[in-house]
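In: what would the 3D arrangement of this be:
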Amino acid sequence: MAPVKPIHPATVHFPIAFLTLAFGLDILHQLTPALPSFLTSSLPPHTDLTRASYYSLSLGLLTAIPALVTGVQQAVLLIGKQGMYETDASGYGVTMRTKVKALIAHTVANDLVIALSTLVWYQKRNAAAATLLGKLGVGSVGTAYATYQPSLWMVVLEAVLFVLLVVAANIGGSLTYVFGVGFAAGGGGSSKKKA
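Out: Numbering: from 1, shown residues only. Now for the predicted structure:
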């Protein structure tokens, strides 16, 4: 039986990019009234910003599915092959492996980002569908109204989710490049890499 190719590191780039774009566009939309006019005159209309944010968020959530599936597969292989615990330096007790702690932190952070991003997506979709303009898929011309306009709580949450996404990606990078997870099935990083 051939070993399973660890493809999780290759599947994470699209959800990170789409979610970052979605969060950034909503934050930009919220900050637009405070920006100088020479900058706002160069920006797309509110309807375009909010619609692009909604569809980027949708693509981020869709492309997160393969990342989640392959991440679970990689985690199961890692824990199955190496276990969760190792004997500590004294030789008498056991401690959780550092890479397993990082794996748990990476998983929890990403699950929070995906779950709360799904909530924002759902709320935006419902708010847009509840309006006549939303049903038509257009915003009101000449006003600040936009079809998928985020509420202030959504923008604040997305700013927090952006930070959490960056932290989770950093932990994932450490798992890959420091511990060797994703380079070989089960992440058999050398003992030098573990330090």
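In: so how many other residues sit close to P36?
Out: In terms of burial, P36 registers 7 neighbours under the definition other CB atoms under 10 Å. Bear in mind the C-beta positions are built from the backbone N, C-alpha and C, glycine included.
In: buried ones in the lengthiest helix in the chain?
Out: Of all the segments assigned as helix in the chain under DSSP state H, the longest by residue count is helix 46-82. Buried positions in helix 46-82, judged by neighbour count with 16 or more other CB atoms under 10 Å: 46-47, 49-54, 56-57, 59-61, 63-64, 66-68, 70-71, 74-75, 77-79, 82.
In: now this protein, which segments are flagged as low pLDDT?
Out: Across the chain, the stretches falling below the confidence threshold (pLDDT under 70) are 1-4, 131-146, 183-195.
In: now do the same for the residue in the chain sticking out farthest from the centre: helix, strand or coil?
Out: Relative to the mean C-alpha coordinate of the chain, counting by CA atoms, centre = their mean, the farthest residue is Y92 (39.5 Å). When the structure is split into helix, strand and coil by DSSP: H, G, I helix; E, B strand; the rest coil, Y92 lands in coil.
In: start the count at 14 instead of 1 going forward.
Out: Taking 14 as the first residue, the last one we looked at is Y105.
In: now it. Its backbone dihedrals?
Out: phi -110, psi -30 (degrees, to the nearest 10).
In: now Y161
Out: phi -110, psi 40.
In: what is the burial count for it?
Out: Going by other CB under 10 Å, the residues that sit close to Y161 add up to 25.
In: I'd assumed A142 was in contact with it.
Out: No. Under the contact definition of CB atoms under 8 Å, Y161 does not touch A142, with a separation of 10.3 Å.
In: so which residues of the chain form strands?
Out: Counting by DSSP state E, residue ranges of the strands within the chain are 98-100, 107-109.
In: count residues in the vicinity of V133, would you?
Out: Neighbours of V133 under the rule other CB under 10 Å: 24.
In: what about it, distance to H21?
Out: When distances are taken as CB to CB, to the nearest Å, V133 and H21 turn out to be 25 Å apart.
In: picking up where we left off before, and the strands of the chain as TSV, adding distance to V121 and mean neighbour count?
Out: TSV is the format used below for the strands of the chain (distance: least, CB to CB, whole Å; neighbours: other CB atoms under 10 Å):
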stretch	distance to V121	mean neighbour count
strand 98-100	19	12
strand 107-109	14	12
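In: okay then, goodbye and thanks.
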